[in-house]
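> Compute the structure for the input listed below.
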Amino acid sequence: MNSRVIGVMLIIGPILTMGTWLFYNVETSEMNVSETLNALLAEENKAQMGAMIRMFGLTSMFMGLYFLARSLKSDNSISNVCSEIGGLLLLLAVPIWVILQGSDIGAISSAKEFGNNEGEAILAAGKMTRMVFFLFTTGIFILGIALSVVKRYEGIVGLIFRIVGGLFIITSLIGILQINDGIAWLGMFALTLVSGILTLLKKDS
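Modelled structure (predicted):
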C-alpha cells in the first residue's frame, strides 16, 4: 500500500480517538456494569457518537499499523517473520475492538427495548479492553523488532516501540507497575501519530 495512505491512517486514528476522549467521553472507569449502563443511557447521544468515532479511529490506527508491518518486506528473514506476526496480532485486535465499542451501542439499544438486564448482559460480555490492549501492545513490540532490523526511521521508532510495548506487556501480565490504562493508550497514540507523520513524509521506494 502507498506510504502516504498508511501515514494518513496512522495520523487520523489517534487524533479521532483522542478527540472522543475530549468531547464524546462518558466517564465510566470506576463504575460497575449497572452504573455504567445508567451513565450511558443518561448521555445516550454522546455515548453512541463517541463509540462510532472510536470504532472508526481505532480501526484506522490498527489497520495503519498492520499495513506498516506489511510494508517491511525485505531480504532479512527475522524482519519478515516479525512483521508477519506483529501485523497479524494488530489485525486480530480490529474485530475485538469493534465488538467492544459496539457493545456500548448495543447495550443502550437493548436496555431501551428489553430492559436494563439485557443491556447489562451485553456490557458484561463486551468487556474485553485488556485483551485488545494485550494484542495491540504485543503486536507493537514485535513490529518494533521488525522496524529496528530493517533500520526504518534509523531504528529509533522501532526501539521506542519495543520499550513501550515490552513495558506494557509485562505490566499487563504480572502488574509490576500500576500504570493507568489511559496513560498507556496515550503513549501508544503518540507513538502511532509520530509513525504516521514519518511514514507520510517517506517517499515510496
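> Mind checking the pLDDT average for the longest helix belonging to the chain?
As assigned by DSSP state H, the longest helix anywhere in the chain is helix 77-114. Taken as a whole, helix 77-114 carries a mean pLDDT of 87.
> lowest-confidence helix or strand of the protein?
helix 156-174 (a mean of 76; mean pLDDT, DSSP states H and E).
> Could you name the helices and strands sitting against that helix?
Judged by 3 or more Cβ pairs under 8 Å, 6 or more residues apart in numbering; DSSP states H and E, helix 156-174 is in contact with helix 129-149, helix 181-201. Heads up, the C-betas are built off the backbone N, CA and C, glycines and all.
> Compute the inter-axis angle for that helix and helix 181-201.
With axes from the mean of the first three to the mean of the last three Cα atoms, to 10 degrees as the basis, helix 156-174 and helix 181-201 are set at 160 degrees to each other.
> sorry, back to before: the longest helix of the chain - contacts with which helices or strands?
Looks like helix 77-114 contacts helix 33-42, helix 44-70, helix 116-125, helix 129-149 (3+ Cβ pairs under 8 Å, 6+ apart).
> Reduced to three states, what does the nearest residue to residue 35 once chain neighbours are set aside come out as?
Distances taken as Cβ to Cβ, 6 or more residues apart in numbering place residue 28 nearest to residue 35, at 7.3 Å, with adjacent residues excluded. Per DSSP: H, G, I helix; E, B strand; the rest coil, the secondary structure class of residue 28 is coil.
> Tell me who's in contact with residue 28.
35-36, 39-40 (Cβ atoms under 8 Å, 6 or more residues apart in numbering).
> Of the residues you listed, which is the nearest to residue 79?
Distance to residue 79, by Cβ to Cβ, is smallest for residue 36 among these, at 42.5 Å.
> Report the separation between the closest one and residue 30.
10 Å (Cβ to Cβ, to the nearest Å).
> for residue 8, same thing?
Distance, residue 8 to residue 30, using Cβ to Cβ: 36 Å.
> next one: residue 22
Noted for residue 22: a distance of 19 Å to residue 30, by Cβ to Cβ.
> Before we move on, what's the pLDDT of the most centrally placed residue in the chain?
Residue closest to the mean C-alpha point of the chain, counted by Cα atoms, centre = their mean, is residue 58 at 5.1 Å. In this model, residue 58 is scored at 87, pLDDT.
> and residue 34, what does it touch?
Counting by Cβ under 8 Å, 6+ apart, residue 34 makes contact with 116, 120.
> Tell me, what's the model's pLDDT at it?
89.
> Helix 129-149 and the longest helix of the chain, what's the angle between them?
Using the same axes, to 10 degrees: helix 77-114 against helix 129-149 is 160 degrees.
> so how far is helix 77-114 off the chain centroid?
Distance of helix 77-114 from the chain centroid (Cα atoms, centre = their mean, to the nearest Å) equals 8 Å.
> Would you mind getting the angle between that helix and helix 116-125?
170 degrees.
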